[in-house]
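J.: coords please:
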Amino acid sequence: MRPTTVSPGVPAMLLAGLVSASAPAAPSISAVPGLPDNPFSHAAAVSDSGLVVAESMTAQTGTVPFFWDGTTARYLEVPPELAPFGASVTGISGDGGTVLGTGYINDRVVGVRWDRTGAAQIEPISSVDHARSTAINRDGTVASGVIASDMSPGNSLALVWTADTGYRTITPGQGEPTLSSLSGVSADGLSFVGVSGASVEEIGRPAAWSESAGASYLAAVPRGSGRGQARGISADGSTAFGYQEIYPSLVPAYWDPSGVAHEINRWAGYNGGVATAATDGGELIFGNWWLGPGPSSFERLAFIWDAEHGARPLGEVLASEYGIDMEGWELHIVTGVTPDGRSIIGRGTAPSGFSQGFVVVIPAPGVLPGLLLMGLAGWRRRR
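T.: Have a look, this model is predicted:
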């Protein structure tokens, strides 16, 4: 079916009233369409209810973000001062009421924030530095971020924003590490993860922060150097995920509720990877493997991990265990999952041959039933 679209040039007030599509009766995968003159798309973020925020591009306006409900694209406003590069999405609140993004103004990185109607606001973090928000909690009242005097590693500081206090940098307590950036926040807005000590010369160390406990390094995986990054945290705050260095590779990893670090296995032929999303409790963890040892590798393969099976190619699991027709699909990266595991989003090569965002929907009550139950059993055993 040809998707219904709303022109990027329409006023923000016309973007209200997003129509929710009916959930499919069986597990399914669908492609997110691009713009009429560019089939490329990217599924960037997903709310707790499965509302997807995606992106495409035009030569005139650069990256164009839009809500996608399965049938209808509702474009978010792109402030004219962000031309010609447009605005990229970095996150969405769990309730779907706030979308975060980033863009450029006079070669300076700025944050962008949209409300549920698609109306945009440039984040008033700094008028001279590069600064943006990176993740936001469930009700949109707390966000993580980063601010830097220039774009080189080692010159950044972590930011926290709250609706009550606004933006502030995180000042370490005595003996605590200095946080270079925060990249994830729990649904309740109390737990944050990110990286400390990143510089031009070396990878930083994964770290956590909370108002009550301050900043601390996260544990190293066995055989690991301790370096890496926590890319995010599950909505319930139980499980952090990202990558760690086991020289010479960066490998996908997660930290369980006890703070223990675990390496995630790599598929044959893939040398590195990163974990990028997790369901509540960390029963299911998603990410992608890299053909090379680091993220510069263009050859990527999306994975799904559970305690019973370890990590396996996502596309194979969807076909063999959920009966989804994966003919023509190659899933490269996972960018998000709902806390209950019902919606999985990312990007891959679609049957059309184009690089496009994908949305996997597992209808209730069969929310990844076998994997989730086995994951829970395995989780209890390893605790």
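J.: could you list every residue that touches Ser234?
T.: Ser234 makes contact with Ser186, Ala240, Phe241, Ala278, Thr279, Asp280, Gly281, Gly282, Pro339, according to CB atoms under 8 Å, 6 or more residues apart in numbering. Every residue, glycine included, has its C-beta placed from N, CA and C.
J.: The second one: neighbour count?
T.: With neighbours defined by other CB atoms under 10 Å, the count for Ala240 comes to 30.
J.: what residues are up against it?
T.: Gly184, Val193, Pro206, Ala208, Leu218, Ala230, Gly232, Ile233, Ser234, Tyr254, Trp255.
J.: In strands, which of the contacts of Ser234 appear?
T.: Ala240, Phe241, Ala278 (DSSP state E).
J.: Specify which member of the residues you listed is nearest to Glu308.
T.: Glu308 lies nearest to Ala278 out of the ones in strands among the contacts of Ser234, by CB to CB, at 15.9 Å.
J.: Show me what the closest one bridges to in the sheet.
T.: Ile285 (DSSP bridges).
J.: contacting residues for it?
T.: With contact taken as CB under 8 Å, 6+ apart, Ala278 is in contact with Gly232, Ile233, Ser234, Thr239, Phe241, Tyr254, Leu284, Ile285, Phe286, Val337.
J.: And it, what's its pLDDT?
T.: Here the pLDDT value assigned to Ala278 is 98.
J.: Also Asp37?
T.: What the model reports as pLDDT for Asp37 is 83.
J.: Tell me the pLDDT of the spatially closest residue to it that is not a sequence neighbour.
T.: Take Asp37 and drop its neighbours on the chain: the residue closest to it by CB to CB, 6 or more residues apart in numbering is Thr58, 6.4 Å away. The per-residue pLDDT reported for Thr58 equals 80.
J.: same question, Asp150
T.: 66.
J.: What of the one 4 residues further on?
T.: The per-residue pLDDT reported for Gly154 equals 63.
J.: Over to the one 3 residues further on?
T.: At Leu157 the predicted local distance difference test score is 89.
J.: Secondary structure element holding it?
T.: If you go by DSSP states H and E, Leu157 is part of strand 156-162.
J.: and what of Glu316?
T.: For Glu316, the element it lies in under DSSP H and E is helix 314-322.
J.: on that earlier part again, farthest pair in the contacts of Ser234?
T.: Ala240 and Pro339 (14.9 Å).
J.: And the strands in the stretch 51-200 of the chain?
T.: 52-58, 62-68, 72-75, 87-92, 98-105, 108-115, 120-122, 130-136, 142-148, 156-162, 166-169, 179-185, 192-196 (DSSP state E, counting those that start in this stretch).
J.: Point out the other helices and strands that the helix or strand following the last one packs with.
T.: Towards the C-terminus, the helix or strand next in line after strand 192-196, according to DSSP H and E, is strand 205-210. For strand 205-210, the packing partners by 3 or more CB pairs under 8 Å, 6 or more residues apart in numbering; DSSP states H and E come out as strand 179-185, strand 192-196, strand 214-217, strand 228-233, strand 240-246.
J.: and Asp69, which of these is closest to it?
T.: strand 228-233 (23.9 Å).
J.: what's in contact with the closest one?
T.: By CB under 8 Å, 6+ apart, strand 228-233 touches 135, 183-186, 191-195, 198, 203-208, 218, 239-245, 250, 253, 255, 274-278.
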